[in-house]
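Visitor: Below is the sequence, then the predicted model.
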Amino acid sequence: MNREELENIKQKALDEHIPIIMDDTLEVIAKYLKEIRPNRILEIGTAVGYSAMCFSEYLAEGGIIDTIERDEERIKEAKVNIKNVGVEDKINIYEGDAVEILPTLNDKYDVVFIDAAKGKYPFFLKESLRMIKENGVIFADNILYKGYVMSDYNKHKQRTAVRNLREYIKEVSENPDLETEILEVGDGLAISKIRRKA
Ligand code: SAH
Ligand code: MG
């Protein structure tokens, strides 16, 4: 992989305020990926491909990341980026709304990374649980949403997002098949290990 190109893509994304994964969040996830050596990763929210390209380094030989994005401009840019970094064999983009695409998928994944519309996190969780392998891990980025989620803040135009992020945390915490940690890295990261499959 062309690391210099990946670094340029990261800088450009930051300059353009595209919400790419933060360094400390990536560091935590990378630690897990090094252990798991996943064969299949599902990502919800590609943006310009930055996180997927970072994760691709930790795939098992022949492993694949499926990543979903609905924004046409970002899809175009992600495709160019993925090619320029030289990881096109490892990343497959599903183009469209994850709410429509997820129910059509039936593969099994070692890792899921949820990083898209916050108001849809409970739905993304339900679909992820359907496809996650035993001993897999589901990560959810931006789970603390600038601290709104843990404060009594609820008068904002983002209150639907906040309500759904709280619902996500409640569900992963109460699910006996999951072992969940919420970390204050980046914008908040939920890590749910699958203990067993129902
Ligand atoms: N994972 C990326 C950043 C993703 S930003 C990285 O760290 O590099 C979130 C992306 O999710 C945005 O590009 C947005 O267009 C996309 N998105 C939001 N809701 C979506 C949905 N319902 N279906 C598909 N993509 C969605
Ligand atoms: Mg994010």
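Guide: Received it, and whenever you're ready, just let me know what you need. Ligands and ions are numbered 1, 2, ... in the order given.
Visitor: which outside residues touch stretch 73-90?
Guide: Applying CB atoms under 8 Å, 6 or more residues apart in numbering, the contact partners of stretch 73-90 are 1-2, 5-6, 9, 18, 46-50, 52-53, 56, 59, 63-65, 67, 69, 91, 93, 95. For the C-beta atoms, the positions are set from N, CA and C on the backbone; glycine is no exception.
Visitor: tell me the contacts of the residue nearest the centre of the chain?
Guide: The C-alpha lying nearest the average C-alpha coordinate of the chain belongs to Phe113 (CA atoms, centre = their mean; 2.5 Å). Counting by CB under 8 Å, 6+ apart, Phe113 touches 29, 41-45, 51, 55, 139, 141.
Visitor: Parallel or antiparallel, list what pairs with the helix or strand encompassing it.
Guide: Phe113 belongs to strand 109-114 when assigned by DSSP states H and E. Applying DSSP bridges to the sheet, strand 109-114 is found paired with strand 40-44 (parallel), strand 132-141 (parallel).
Visitor: Can you name the next helix or strand after it?
Guide: Helices and strands here follow DSSP H and E; after strand 109-114, the next one along the chain is helix 121-131.
Visitor: Please state the offset of the longest helix along the chain from the chain centre?
Guide: Counting by DSSP state H, the longest helix found in the chain is helix 159-174. Counting by CA atoms, centre = their mean, to the nearest Å, helix 159-174 is centred 16 Å from the centre of its parent chain.
Visitor: quick one, that helix and strand 132-141 angle?
Guide: Angle between the axes of helix 159-174 and strand 132-141 is 140 degrees (criterion: axes from the mean of the first three to the mean of the last three CA atoms, to 10 degrees).
Visitor: Not counting helix 159-174 itself, show me its contacts.
Guide: When contacts are defined by CB under 8 Å, 6+ apart, helix 159-174 is touched by residues 117-122, 125, 138, 140, 142-145, 148-149, 153-154, 156, 178, 180, 182, 190, 192.
Visitor: same check, this time on stretch 30-44
Guide: Contacts for stretch 30-44 (CB under 8 Å, 6+ apart): 51-52, 54-55, 58-60, 62-68, 98, 102, 105, 107-116, 124, 128, 131, 136-137, 139, 191.
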